[in-house]
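>>> Have a look at this fold, sequence not included:
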């Protein structure tokens with residue numbers, strides 16, 4: 001922030017001291033919880049326009065890069081360059097350094113919407129256990145008084161999930177090493193479910209594309225619903241929304257309107273069914289304190305100030321994956337069986353007997369005529 005306010009050009013009505021005092025409020029465009037003053041944000045926008053910049057570019061410039069946040073990275077026991085395995089992406093909770101992340105905003109920019117993408121640069125693990133993990137040392141030298149700007153969070157999502165709808169996740173604190181044992185739980189739809197109409201089965205299939213997302217998920221549906229509400233009410237989209245051609249990013253005057261358009265305030269307006277086949281993450285977390293004065297046998301810790309750093313390890317505990325099946329609770333066969341039982345109990349006959357009586361009555365009427 002200091003470097004930015006010293007290098008940028010100022011109109012006659014502004015100075016670096018004033019901008020430095022209000023520049024943190026710019027995070028209100030990326031973070032839904034950041035406090036702001038509309039007049040201050042409008043002055044920042046005036047400065048941005050004066051320098052022919054946009055909010056996204058300035059926000060990225062004021063955000064620490066992944067190279068600055070991640071001090072060391074280790075993948076499957078081998079030290080790697082953090083910038084080669086992590087990319088910075090904007091999500092609905094702010095900017096995140098993502099590993100194996102898929103971004104709809106990036107795909108729309110590359111004009112790959114509704115194409116089935118396979119990430120050729122994704123990283124896969126075949127072996128399980130903490131020795132075959134992703135291990136990261138996170139920079140924690142900043143003052144952590146401002147949770148929105150300075151605190152670090154880790155969010156784990158199943159493979160091929162879009163980072164656009166990432167949630168806050170789990171906070172990580174300085175001076176601790178945290179182990180995340182990661183596994184998944186899959187809910188599959190049975191074949192009898194697939195034959196039902198969506199209104200009968202009460203869920204949508206993942207291969208049913210939405211307007212912008214090429215696959216279906218309830219969270220994607222809610223995101224699109226929020227985008228439609230924001231467009232309708234505010235005539236713009238949030239900075240974290242996937243960018244659509246010709247649609248501007250909400251300015252300071254529309255910021256309150258865009259926050260009020262958040263889908264959680266009008267969940268009943270969105271016709272978003274649950275996902276029939278869905279994968280959910282299961283994380284078991286354990287942590288322990290890092291001791292600066294105790295020697296370690298792992299060179300990963302060499303040169304790290306263990307009191308001002310967080311070490312995170314993510315690994316698969318085993319090859320076991322829980323798979324549940326979603327079945328039809330009440331089929332046509334169940335209906336026929338239960339009706340037969342009802343007739344047998346209350347009328348002393350079965351549905352077959354009723355069909356026979358109906359047939360005899362029809363033949364008697366026909367003969368009489």
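Everything's here; your move. Nothing here was measured: the structure is a model prediction, and the numbers come from that model.

>>> how's this structure carved up into domains?
Following automatic domain parsing, one finds the domains of the chain at 1-62, 66-195+285-327, 206-275.

>>> Need those domains in TSV (columns: mean neighbour count, mean pLDDT and distance to residue 363).
Using the backbone N, CA and C atoms, a C-beta is placed for each residue, glycine as well. Listed next are those as TSV, based on neighbours: other Cβ atoms under 10 Å; pLDDT from 0 to 100; distance: least, Cβ to Cβ, whole Å:
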stretch	mean neighbour count	mean pLDDT	distance to residue 363
domain 1-62	15	91	73
domain 66-195+285-327	15	84	36
domain 206-275	17	87	48
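
>>> If you count contacts, what does the lengthiest strand in the chain end up packed against?
Counting by DSSP state E, the longest strand found in the chain is strand 176-189. Other helices and strands packing on strand 176-189, by 3 or more Cβ pairs under 8 Å, 6 or more residues apart in numbering; DSSP states H and E, are strand 170-172, strand 278-289, strand 309-315, strand 322-326.

>>> Turn the ones you listed into TSV, columns for distance to residue 105.
Formatted as TSV, these follow (distance: least, Cβ to Cβ, whole Å):
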stretch	distance to residue 105
strand 170-172	24
strand 278-289	22
strand 309-315	24
strand 322-326	31
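
>>> quick one: which of these is nearest residue 212?
Of all the helices and strands packed on strand 176-189, strand 278-289 sits nearest to residue 212, with 19.0 Å by Cβ to Cβ.

>>> Give me the contacts around that closest one.
For strand 278-289, contacts defined as Cβ atoms under 8 Å, 6 or more residues apart in numbering pick out 156-159, 170, 175-187, 206, 217, 317, 322.

>>> List the pairing partners of the longest strand of the chain within its sheet, with orientation.
Strand 176-189 sits in its sheet next to strand 278-289 (antiparallel), strand 309-315 (parallel), strand 322-326 (parallel), going by DSSP bridges.

>>> can I get these in CSV with distance to residue 40?
Formatted as CSV, these follow (distance: least, Cβ to Cβ, whole Å):
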stretch, distance to residue 40
strand 278-289, 38
strand 309-315, 32
strand 322-326, 50
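
>>> which element is residue 157 on?
Using DSSP states H and E, residue 157 is not contained in any helix or strand.

>>> check contacts around residue 238.
Going by Cβ under 8 Å, 6+ apart, residue 238 touches 29, 92, 230, 249-250, 258.

>>> one more time with 7 Å, if that's ok
Under the criterion of Cβ atoms under 7 Å, 6 or more residues apart in numbering, the neighbours of residue 238 are 230, 250, 258.

>>> cool, residue 77 as well?
Residue 77 neighbours (Cβ under 7 Å, 6+ apart): residue 131.

>>> Let me know which of the strands paired with strand 176-189 is the nearest to residue 138.
Comparing the strands paired with strand 176-189 by Cβ to Cβ, strand 309-315 comes nearest, at 4.3 Å.

>>> contacting residues around the closest one?
Strand 309-315 is contacted from outside by 71, 129-130, 132-140, 152, 154, 156, 172-174, 176-182, 290, using Cβ under 7 Å, 6+ apart.

>>> And for stretch 188-208?
With contact meaning Cβ under 7 Å, 6+ apart, stretch 188-208 is reached by 215-217, 273-277, 323, 325-328, 331.

>>> Now flag whichever of those residues is closest to residue 297.
Scanning the contacts of stretch 188-208 for proximity to residue 297, where the rule is Cβ to Cβ, the winner is residue 323, at 39.1 Å.

>>> I figured that closest one hits residue 186, correct?
Yes. Here residue 323 reaches residue 186: they are 4.7 Å apart, a contact under Cβ atoms under 7 Å.

>>> Could you pull out the helices in the stretch 101-250 of the chain for me?
Using DSSP state H, counting those that start in this stretch, the helices of the stretch 101-250 of the chain run over 104-109, 147-150, 191-194, 198-201, 218-234.

>>> mind listing what residue 106 touches?
The neighbourhood of residue 106, defined by Cβ under 7 Å, 6+ apart, contains no residues.

>>> C-terminal to the host helix or strand of residue 58, what's the next element?
According to DSSP H and E, residue 58 maps onto helix 55-62. Proceeding N to C from helix 55-62, the next assigned helix or strand is helix 66-69, under DSSP H and E.

>>> what helices or strands is that following helix leaning on?
helix 82-85, strand 133-139 (3 or more Cβ pairs under 7 Å, 6 or more residues apart in numbering; DSSP states H and E).

>>> residues making contact with it?
For helix 66-69, using Cβ under 7 Å, 6+ apart, the contacting residues are 82-83, 86, 88, 97, 138-139.

>>> What of stretch 23-35?
Residues from elsewhere that reach stretch 23-35 (Cβ under 7 Å, 6+ apart): 1, 5, 36-37, 40-41, 44, 55, 58-59, 62, 90, 93-95, 148-149, 239-240, 255, 259.

>>> Columns distance to residue 353 on top of the helices of the stretch 101-250 of the chain, output as CSV?
Below are the helices of the stretch 101-250 of the chain laid out as CSV (distance: least, Cβ to Cβ, whole Å):
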stretch, distance to residue 353
helix 104-109, 59
helix 147-150, 72
helix 191-194, 29
helix 198-201, 30
helix 218-234, 47
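
>>> The ones you listed: which one's closest to residue 17?
Residue 17 sits nearest to helix 147-150 of all those, at 19.9 Å, using Cβ to Cβ.

>>> need the contact list for residue 308.
Neighbouring residues of residue 308 by Cβ under 7 Å, 6+ apart: 140-141, 174.

>>> State whether residue 258 is indeed within a helix.
Yes. Judged by DSSP: H, G, I helix; E, B strand; the rest coil, residue 258 forms part of a helix.
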